[in-house]
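> can you look at this prediction? I've put the sequence above it.
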There are 2 protein chains.
Amino acid sequence: MTLLNIPTATISRLVTYLRILEKLESAVVNRTSSKHLSDLAQVSAFQVRKDLAYFGRFGTRGMGYTVGVLKRELRRILGLTRPWNVVILGMGRLGQAIANYPGASEYEFSFVGLFDVDPHKIGNGVRHLTIEPMDSLEGFVKRLKAQGEGVEMGFLAVPPDKAQEAAQILVEAGVKGVLNFAPVVLQPRTLEGGGREGELAEEWKGVVVENVDFLAGMKRLAFYILNPNLKELEMEVSV
Amino acid sequence: MTLLNIPTATISRLVTYLRILEKLESAVVNRTSSKHLSDLAQVSAFQVRKDLAYFGRFGTRGMGYTVGVLKRELRRILGLTRPWNVVILGMGRLGQAIANYPGASEYEFSFVGLFDVDPHKIGNGVRHLTIEPMDSLEGFVKRLKAQGEGVEMGFLAVPPDKAQEAAQILVEAGVKGVLNFAPVVLQPRTLEGGGREGELAEEWKGVVVENVDFLAGMKRLAFYILNPNLKELEMEVSV
DNA sequence: CCATGTGAACCGGTTCACAGCT
DNA sequence: AGCTGTGAACCGGTTCACATGG
């Protein structure tokens, strides 16, 4: 089990299974099965078992799964047991909604810094934090690092035409995970000239990006309303 | 060209290509190529050509594509030339952010109704609209229909535990497209008992659902930060 | 007998090589 | 010569059938 070649769709589904298990647990259901989970996740039971098999054996043959055990395992696999410090770039309506969304501070996720360029927003309080100027981000990350902490994730909630620039600031500050809400394909910086033309710039090495784009979702939806035969009801997280 | 068997990933990419073409057009670039587009979309040039080939021939061999022509074709393919009336269910911070997001009213998308159950929100004005009680949704849709209009899309921005119920209200009002922002897998109603046990309920026939789930994106990101080898930088719209 | 776990088959999407047009 | 359009090869993810263990 070298943890290689795992479909990205599998990771999306694991997140869904975990959410379902948490709901079951809070409803005091403590046993489940691949069939049961698959109904709730709108996928096939084969798929559930195959997805889990990438990571180990969590059930009992003939019996199914224990909700608590499987939940714990999925949290461990997904990395939701360790702390994650998150900064948000862009504190317009969207950034505010994210910062305040119930569940965003679940697990060990915590928002540790909020940044914007708008002087009218800087200094305003949001939850327990104060909005800071964008150009203080690098120093902010450094300061946390000096305290033995880090900033693992940055959420980009800036306007589309500022997203690329903000992403660059974020990765230059050393943040390795980017959740991009802007309707833009982020371009990792590549080297120009020199013997290593086109090579990925140092600050982008190991950076991972996830996109959350509701405008794109809205447009896909338009297409599928016009062509409903092309899409059977499914779970699939688009974004 | 029967428009069958088109990968859902292709539709996501078409949306991206369209966005890129619009940006090129506003930068007064009027010629492009599969290579050019593929760089901007972070996919292969093969992929661009194959995606377009599902729908026709839009380029000139040896020359590439005309930005304006390809843009127009993609808009037509995706259904972004006809009007789309949209209602939003749930006018908390997220619903408000969506209603006000720049670009959400582009094309022919227009928000025609905003609904909530909270008496404190009902009656409040948001942009040119007034928030209405959720139980007036069905009458609202009927009234529009009587005027020869329709409501083609509903955005679910309600709390997770209300999402299933709100979805049911939406589809019972006859709305066929659902953009679900709640971290929940919507369950289409199926018939119980009778000879057609398990069959899809009438109101869910032809309904298409797209999910936009940033909490899921955040959790996937956690996994990929811990396992960066499993993900090379890519465009892919997660949600 | 039941439900998991898994090697193999299948299928669909991506990649490729090249034919075709400008 | 250059870049599109496309049939075929390839690869990876999903589906399947069944062996395994409770």
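Received it, and whenever you're ready, just let me know what you need. Quick caveat: nothing in here was measured; it's all calculated off a predicted structure.
> so where is chain A shaky, pLDDT-wise?
Low-confidence segments of chain A (pLDDT under 70): A:1-4, A:232-239.
> looking at it, which strand is longest?
Scanning chain A for the longest strand, with DSSP state E as the assignment, gives strand A:109-116.
> what are the pairing partners of that strand, and which direction each?
strand A:84-89 (parallel), strand A:129-133 (parallel) (DSSP bridges).
> now that strand - C-alpha only, CSV.
Below are the C-alpha coordinates for strand A:109-116, written out as CSV (Å, rounded to 0.1, in the frame of the first residue of the first chain):
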residue,chain,number,x,y,z
PHE,A,109,-9.0,24.2,10.7
SER,A,110,-8.6,27.7,12.1
PHE,A,111,-8.5,31.0,10.4
VAL,A,112,-5.5,32.8,11.7
GLY,A,113,-5.3,35.8,9.4
LEU,A,114,-7.6,37.9,7.1
PHE,A,115,-6.1,40.1,4.4
ASP,A,116,-7.3,42.8,2.0
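> nearest to DNA strand D, out of the strands paired with strand A:109-116?
Counting by Cβ to the nearest atom of the strand, DNA strand D lies closest to strand A:84-89 out of these; the figure is 25.2 Å. From N, CA and C alone the C-beta is placed, and that goes for glycine too.
> next SSE downstream of that closest one?
Moving toward the C-terminus from strand A:84-89, the next helix or strand (DSSP states H and E) is helix A:93-100.
> tell me what that next one is packed against?
strand A:84-89, strand A:109-116, strand A:125-126, helix B:93-100 (3 or more Cβ pairs under 8 Å, 6 or more residues apart in numbering or on different chains; DSSP states H and E).
> quick one: the second one to helix A:93-100, angle?
In terms of direction (axes from the mean of the first three to the mean of the last three Cα atoms, to 10 degrees), strand A:109-116 departs from helix A:93-100 by 150 degrees.
> touching strand A:109-116 from outside, list them.
With contacts defined as Cβ atoms under 8 Å, 6 or more residues apart in numbering or on different chains, strand A:109-116 is touched by A:83-92, A:95, A:99, A:104-105, A:122, A:126-127, A:129-134, A:136-137, A:140, A:144, A:149, A:151, B:218.
> pick the most deeply packed of the helices and strands packed on helix A:93-100.
strand A:84-89 (a mean of 24; mean count of other Cβ atoms under 10 Å in any protein chain shown).
> returning to what we had before: the contacts of strand A:109-116, buried ones only, as a PyMOL selection?
Buried residues within the contacts of strand A:109-116, by 16 or more other Cβ atoms under 10 Å in any protein chain shown, are selected in PyMOL with:
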select buried, (chain A and resi 84+85+86+87+88+89+90+91+92+95+99+104+122+126+129+131+132+134+137+140+144+151) or (chain B and resi 218)
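> can you narrow the contacts of strand A:109-116 to ones near DNA strand C?
Counting by Cβ under 7 Å from any atom of the strand, the subset of the contacts of strand A:109-116 that neighbours DNA strand C is empty.
> verify the stated contact: A:I225 with B:V175.
No: taking contacts as Cβ atoms under 8 Å, A:I225 lies outside contact range of B:V175: 9.7 Å.
> can you list residues touching both of those two?
Contacts common to A:I225 and B:V175, judged by Cβ under 8 Å, 6+ apart, are B:152-153.
> is it true that A:L170 touches A:G154?
Yes: between A:L170 and A:G154 there is a contact under Cβ under 8 Å: 4.2 Å.
> now do the shared contacts for these two.
A:87, A:89, A:178.
> any idea how chain A splits into domains?
A:8-78, A:84-211 (automatic domain parsing).
> which residues in chain A form helices?
A:8-26, A:34-41, A:45-53, A:67-78, A:93-100, A:137-146, A:160-172, A:214-226 (DSSP state H).
> pick the most deeply packed of those.
helix A:214-226 (a mean of 24).
> check whether it comes near chain B.
Yes: contact of helix A:214-226 with chain B (Cβ under 8 Å from any Cβ of the partner chain) involves A:214-226.
> what packs against that helix?
Helix A:214-226 is packed against helix B:8-26, helix B:67-78, strand B:153-156, strand B:177-180, strand B:208-211, with contacts defined by 3+ Cβ pairs under 8 Å, 6+ apart.
> can I get those in CSV including distance to DNA strand C?
Below are those laid out as CSV (distance: least, Cβ to the nearest atom of the strand, whole Å):
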stretch, distance to DNA strand C
helix B:8-26, 4
helix B:67-78, 14
strand B:153-156, 24
strand B:177-180, 21
strand B:208-211, 16
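> what's stretch A:134-145 in contact with?
A:85, A:87, A:89, A:112-113, A:115-117, A:132, A:150-151, A:166, A:169-170, A:172-175.
> mind running it again at 7 Å?
For stretch A:134-145, the surrounding residues in contact (Cβ atoms under 7 Å, 6 or more residues apart in numbering or on different chains) are A:89, A:113, A:115-117, A:132, A:150-151, A:169, A:172-175.
> now do stretch A:67-81
Around stretch A:67-81, the neighbours that count as contacts under Cβ under 7 Å, 6+ apart are A:14-15, A:17-18, A:21-22, A:24-25, A:29-32, A:55, A:58, A:107-108, B:219, B:222-223, B:226.
> can that stretch be found next to DNA strand D?
No: residues of stretch A:67-81 contacting DNA strand D under Cβ under 7 Å from any atom of the strand: none, with a closest distance of 14.2 Å.
> C-alpha coordinates for that stretch, CSV please?
Extracted in CSV, the C-alpha atoms of stretch A:67-81 (Å, rounded to 0.1, in the frame of the first residue of the first chain):
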residue,chain,number,x,y,z
VAL,A,67,-19.3,4.0,12.1
GLY,A,68,-16.8,5.4,14.7
VAL,A,69,-13.9,3.3,13.5
LEU,A,70,-14.4,4.2,9.8
LYS,A,71,-14.9,7.8,10.7
ARG,A,72,-11.7,8.0,12.6
GLU,A,73,-9.8,6.2,9.8
LEU,A,74,-11.1,8.6,7.2
ARG,A,75,-10.2,11.6,9.3
ARG,A,76,-6.7,10.2,9.7
ILE,A,77,-6.3,9.5,6.0
LEU,A,78,-7.6,12.9,4.9
GLY,A,79,-5.3,14.6,7.4
LEU,A,80,-8.1,16.1,9.5
THR,A,81,-6.6,15.2,12.8
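> which residues does the residue of chain A found nearest DNA strand D contact?
DNA strand D sits closest to A:G62 of chain A, with a gap of 2.8 Å, by Cβ to the nearest atom of the strand. Not one residue lies near A:G62 by Cβ under 7 Å, 6+ apart.
> what's it sitting at in phi/psi?
Dihedral pair for A:G62: phi 80, psi -10, per degrees, to the nearest 10.
> and the closest residue in space to A:S105 that isn't next to it in sequence, what are its bridge partners?
In this structure, A:S105 finds its nearest non-sequential neighbour in A:F111, 6.9 Å apart by Cβ to Cβ, 6 or more residues apart in numbering or on different chains. For A:F111, the beta-bridge partners are A:V86 (DSSP bridges).
> gap between A:R49 and DNA strand C?
A:R49 sits 4 Å away from DNA strand C, taking Cβ to the nearest atom of the strand, to the nearest Å as the criterion.
> touching, that residue and A:S33? I think so.
No: applying Cβ atoms under 7 Å, one finds A:R49 not in contact with A:S33, separated by 9.7 Å.
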